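# I'll drop the sequence and a predicted model, then ask my questions.
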Amino acid sequence: MKYKSIAIDGPSGAGKSTMAKKLAEELGFLYVDTGAIYRTLGLFALNMGADPAAEEEVKPLLPQISIKMAYGEDGLQHMYLGEKDVTLAIRQPEVSTAASKVSAIPAVRAFLLDMQRDMAKTNNVIMDGRDIGTVVLPQADAKIFLDASAEARAQRRYAELLERGVDTDYETVLRDIRERDARDTGRAAAPLRKAEDAVSVDTTNYSLEESFQLLLQTVREQLA
C-alpha cells in the first residue's frame, strides 16, 4: 500500500500547525508536528545547560535524548521528553528561540530526519515545518508553502500567548518573529524556502475558516 503525504512549510506563526491539524482531521491523515520535535530537543538543550546555538555543546547530548510523540485521551498530539509530558513547556517563547537555534545544527537535523521519514512510510501523514517539502519529504504528494505578513503572524502569536497567560507584548513578539525569519532563511542547514513544486497560500487577509477552506481546496487539487 502506498501512503499519501502532505508537506506544509512556512515561516513561524503562519498557522501551519493549526491548519495541518484541521486538514488531518478532515482527510483522516496522521498529523506530525515536526516543530514540536525540534522544540522538545531545544528544551532538552536548555535543561542540560547547553547553548542551543553551539553545535559542540548540543551534538554530544543527542545520544542521551529520548523524544516520543503520542496521542492523549484528549485526541491531541503530546510530546514527551523521557517520560515527562512537555507539551505545554515547549510552547514558551524561550523554547521557541532555542528550537530555532538547534534546528540550524546539521547534526540535529540528521538525527531527527529518519524519525520523521519513518512515520510517512507507515501512515498517510501531514507534516508541517520549515523543510518538509524540500528535505524531509521531497516526494510528498501535496506541497504547500503557507505564509502571512510578519505583522499578521505576530498578532496571531501575541493573542495565542496572552490566552495561555504568558506575559509579553506585541512589539516583542514581532521582533522575535522577524529574528526567527532571519535565522530560518539564513541558516546553512536546510534553510526555509519554498519547494519549486509547492503551491503558495498567503493567509494574511483571511480568517481562520477562510484560510482553512482555501488550503483544503488547494490540497485536494494536488492530491487529485
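That came through, no problem.
# And the helices in this protein?
Assigned by DSSP state H, the chain shows helices spanning 16-27, 34-47, 55-58, 93-102, 106-122, 150-163, 170-186, 208-223.
# buried stuff in the third one?
Pointing back at helix 55-58 there. Buried residues in helix 55-58, counted by 16 or more other CB atoms under 10 Å: residue 58. No exception for glycine: its C-beta is placed from N, CA and C like everyone else's.
# So what's the residue count around residue 190?
By the criterion of other CB atoms under 10 Å, residue 190 has 20 neighbours.
# Out of the helices of the chain, which one sits most buried?
Counting by mean count of other CB atoms under 10 Å, helix 34-47 has the highest mean neighbour count of the helices of the chain, with a mean of 23.
# helices or strands up against that one?
For helix 34-47, the elements it packs on are helix 16-27, strand 67-71, strand 77-81, helix 93-102, helix 106-122, strand 125-129, judged by 3 or more CB pairs under 8 Å, 6 or more residues apart in numbering; DSSP states H and E.
# export these to CSV and tack on distance to residue 41?
As requested, the helices and strands packed on helix 34-47 are exported to CSV (distance: least, CB to CB, whole Å):
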stretch, distance to residue 41
helix 16-27, 17
strand 67-71, 7
strand 77-81, 9
helix 93-102, 5
helix 106-122, 6
strand 125-129, 13
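# between the ones you listed, which has the poorest average model confidence?
The minimum mean pLDDT among the helices and strands packed on helix 34-47 belongs to strand 67-71 (a mean of 83).
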